[in-house]
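Participant: Below are the sequence and a predicted model for it; my questions follow.
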Amino acid sequence: MAYSVNTTPLLQEYDSENEESQINPEVCIRDEKPLFKPSEPRDKYFMSYLIFYLLGVVTLLPWNFYVTADDYWMYKFRNTSINSSVVNASAKRTPLQAEFTSYLSVASAVPNLIFLVLNTAISHRISLNKRVIGSLLFMLLLMLLTLAFVNINTDDCQQLFFGLTIAAIVLLNVCSAIFSGSIFGIVGKFSPFYITAVIGGQALGGIFAALAEIAALAVGASSTHAALVYFIIGNVTIAISIVCYVLLEKSVFFKYHVAHHPQLNEFQSESIQLEICYRVILKKMWCHGLSVFLTFAFTLSVYPGVTVLIESEGKGHGNRWNDVYFVPTIAYLLFSLGDYLGRIIAGRVLKPKNITVLIILSIARFIFIPLLMLCNAQPRHYWAVVFDKDYQYIVILFLCALSNGYLANIVAIYVPKFVDHHEKEIASCIMTVFMGVGLTLGSVVSLFMVRLL
C-alpha cells in the first residue's frame, strides 16, 4: 500500500489558490457550533408580547372596522326616499346594501394578496422599519379620510361614494398587506409564544371592532354619530400602535431575535452568508400552506358576505336586540370570540401534529358553506330557509369560527419548526401569501354565494 507524504516545509511560501484547489471539499467541514452560547435577554414585563398582541390587532384593523360598521354602510346606501337618520329595520335592502359586504371582501382580498407576494419578494431589499412605519402612517391617513366622510352627505351621490369607499379599501389593504406580511415575517424568528400573540391579536381585533361598534350604537343618537365614535377609536388605535412599534424595535429583546442567529457565533455570523432559496422553503412547508389556504377560502366564502345578511327570527317587531344589535353581536362579536378561542386553544394544545390530519380537517370545514347558506339570510330567491331559529345559526357560526381560529394558529406555529433559522422570516411571509390566496378566492366566491341565496 502506498502512502502520500506531505513534504511542504511549515514556513515555505505557497500559492494559496493551488493549495485550496487540492483540498477535498468532502472532508472539509466547518464547525458552526458557537464556542459560547449567548444569553437571551428577558422580555421585561412582557412588554414585547403585549406590543405584538397590539400589532396583531392592527394587522386586520381596516378590514375589521370596515366590515363591522354594517349599520353605517346600510345607512349610507339606504333608499334615500325614506328620510330617516337611522336604518329602517323592516325595509327591504337595496342592491348596494345587499352586495356591499361582498364587494368589500373582494376589494380587500385582491390587493392584499398582490402585496403580500410583493412584500415577500422585497422583504430583504427594504428595511423592516420603513415597511412597518410607512404602512401604518398611510393606514392612519386613509382611516382619517374615512372618518371625514362620516359627516358628509352622500345621499345624492351614492354610486360615487361607493366607488371612493372601494378605492379607500383597496389602498388600506395594500398598507395592511405590507404591514401584516412584515410583522408575520419577523415574529417567525421568535418563539411560538410570540407567534400566538400576533395570531391571537388578529382575532382579538375582530372582538375589539365588534365591541366598538356595539358601544357606538349604544351611545350614538344616529348611524352617523355612532360611526363617528367608531372610526375615532380605530384611528386612535393605529396612532398608539405606531408609538408602540417604535418602542419595540428599540428594545434589546427585539434586536436580539431579529439580528441574532442562535446556531452561529459572532465571527461566523459575519463571515458566512446563508443563501435563501424560495423553492427549498416552499418544498418544506407547502402542505401547511395548503391547509391555511383551505381554511380561509371556506370561511370567506360565507363570512361576512352571507352571515351579515342573516337576520334574527324576531326582526321587525320593534325589539332593539333583534333589529339593531343582532348582526354586530352575533355575526361579528360571536364569530370573533370563537375565532379567538380557537387560536388560544391551538397555542395550548398543539395537536394534531400530522399535517395530513390538518389538511383533512381543513377540507371538512366545507360543510359550513351550505349550513350557513340555509340559515335566515335575506333577501333570498333560490335557497329555502332550513335553520330559521337564532340558536341554530349561533351554534353553526360559533363552530365555524372556532375551527377557523384553531387551524389557522396551529399551522402558523408549526411552519417555523420545519425550516432553518435564516429561512423563518421568508417562510412566515409565504404563509401569509397562502392565507391571502385563500382570502381572495373565498371573497370572490362570496359574491356568487350572495346571488345564489
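Facilitator: Yep, that arrived.
Participant: Would you map the helices across the stretch 1-150 of the chain?
Facilitator: Under the criterion DSSP state H, counting those that start in this stretch, the stretch 1-150 of the chain contains helices at 16-21, 47-59, 61-68, 70-76, 95-122, 128-149.
Participant: again, but for the stretch 351-453 of the chain
Facilitator: Under DSSP H, counting those that start in this stretch, the stretch 351-453 of the chain gives helices at 355-364, 368-373, 390-414, 424-452.
Participant: Quick check: residue 300 vs residue 245, distance?
Facilitator: As for residue 300, its distance to residue 245 is 28 Å (criterion: Cβ to Cβ, to the nearest Å). In this view, the C-beta of every residue, glycine as well, is placed from N, C-alpha and C.
Participant: Distance from stretch 75-84 to the middle of the chain?
Facilitator: Chain-centre distance of stretch 75-84: 33 Å, with Cα atoms, centre = their mean, to the nearest Å.
Participant: leaving aside the residues next to it on the chain, what's closest to residue 342?
Facilitator: residue 405 (2.8 Å; Cβ to Cβ, 6 or more residues apart in numbering).
Participant: Show me which parts of stretch 441-453 are buried, residue by residue.
Facilitator: 441-447, 449-450, 453 (16 or more other Cβ atoms under 10 Å).
Participant: Output these in a markdown table; the columns should cover pLDDT and distance to residue 320.
Facilitator: A markdown table is the format used below for the buried residues of stretch 441-453 (pLDDT from 0 to 100; distance: Cβ to Cβ, whole Å):
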| residue | pLDDT | distance to residue 320 |
| --- | --- | --- |
| 441 | 91 | 37 |
| 442 | 90 | 32 |
| 443 | 85 | 31 |
| 444 | 87 | 35 |
| 445 | 91 | 34 |
| 446 | 89 | 29 |
| 447 | 84 | 31 |
| 449 | 90 | 29 |
| 450 | 86 | 26 |
| 453 | 82 | 26 |
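Participant: what two of these have the greatest distance between them?
Facilitator: 441 and 453 (19.5 Å; Cβ to Cβ).
Participant: Wait, residue 74 touches residue 97, no?
Facilitator: Yes - between residue 74 and residue 97 there is a contact under Cβ atoms under 8 Å: 5.4 Å.
Participant: Residue 162 in helix, strand or coil?
Facilitator: helix (DSSP: H, G, I helix; E, B strand; the rest coil).
Participant: Show the pLDDT at it.
Facilitator: As predicted, residue 162 sits at a pLDDT of 92.
Participant: Can you name the residues that contact it?
Facilitator: Listed by Cβ atoms under 8 Å, 6 or more residues apart in numbering, the contact set of residue 162 reads 77, 96, 100.
Participant: Show me which of those is closest to residue 417.
Facilitator: residue 100 (41.1 Å).
Participant: How many residues are close by the closest one?
Facilitator: Neighbourhood size, residue 100 [other Cβ atoms under 10 Å]: 24.
Participant: and what of residue 326?
Facilitator: Count around residue 326 with other Cβ under 10 Å applied: 21.
Participant: could you pull out the strands for the stretch 251-400 of the chain?
Facilitator: Secondary structure of the stretch 251-400 of the chain (DSSP state E, counting those that start in this stretch): no strands located.
Participant: Any stretches of it with poor pLDDT?
Facilitator: 260-276 (pLDDT under 70).
Participant: ranking the helices of the stretch 1-150 of the chain by mean pLDDT, which is last?
Facilitator: If the helices of the stretch 1-150 of the chain are sorted by mean pLDDT, helix 16-21 sits at the bottom with a mean of 44.
Participant: Now residue 333. Nearest residue, chain neighbours left out?
Facilitator: residue 210 (3.7 Å).
Participant: oh sorry, the question was meant for residue 183
Facilitator: Closest residue to residue 183 apart from its sequence neighbours, by Cβ to Cβ, 6+ apart: residue 55 at 5.3 Å.
Participant: give the contact list for that neighbour.
Facilitator: Taking Cβ under 8 Å, 6+ apart as the test, what residue 55 contacts is 183, 198, 201, 241, 244-245, 248.
Participant: Now render those as CSV, adding distance to residue 49, neighbour count and pLDDT.
Facilitator: Below are these laid out as CSV (distance: Cβ to Cβ, whole Å; neighbours: other Cβ atoms under 10 Å; pLDDT from 0 to 100):
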residue, distance to residue 49, neighbour count, pLDDT
183, 14, 24, 90
198, 10, 26, 89
201, 10, 25, 88
241, 15, 23, 96
244, 12, 18, 96
245, 14, 23, 95
248, 10, 20, 93
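Participant: Narrow those to those in helices?
Facilitator: 183, 198, 201, 241, 244-245, 248 (DSSP state H).
Participant: Next up, the contacts around residue 314.
Facilitator: 321-322, 390.
Participant: swap that for residue 373, sorry
Facilitator: Going by Cβ under 8 Å, 6+ apart, residue 373 touches 302, 306, 383, 449, 452-453.
Participant: Farthest-apart pair in those residues, please.
Facilitator: Top of the distance list for the contacts of residue 373 (Cβ to Cβ): 302 and 383, 12.1 Å.
Participant: quick one, which of these two is more surrounded?
Facilitator: Neighbour count, other Cβ under 10 Å: between residue 302 and residue 383, residue 302 has more, with 25 against 14.
Participant: phi, psi of that one?
Facilitator: Here is the backbone geometry of residue 302 (degrees, to the nearest 10): phi -130, psi -20.
Participant: measure the closest residue in space to it that isn't next to it in sequence to residue 393 for me?
Facilitator: In this structure, residue 302 finds its nearest non-sequential neighbour in residue 372, 4.5 Å apart by Cβ to Cβ, 6+ apart. Using Cβ to Cβ, residue 372 is found at 8 Å from residue 393.
Participant: what do the two both touch?
Facilitator: residue 310.
Participant: When those two are compared, which one has more neighbours?
Facilitator: residue 393 (26 against 21).
Participant: show me the contacts for the more buried one.
Facilitator: Going by Cβ under 8 Å, 6+ apart, residue 393 touches 310, 330, 372, 375-376, 387.
Participant: biggest separation within these, which pair?
Facilitator: Top of the distance list for the contacts of residue 393 (Cβ to Cβ): 330 and 387, 13.1 Å.
Participant: and the residue nearest to residue 342, what pLDDT?
Facilitator: Per the predicted model, pLDDT is 92 at residue 405.
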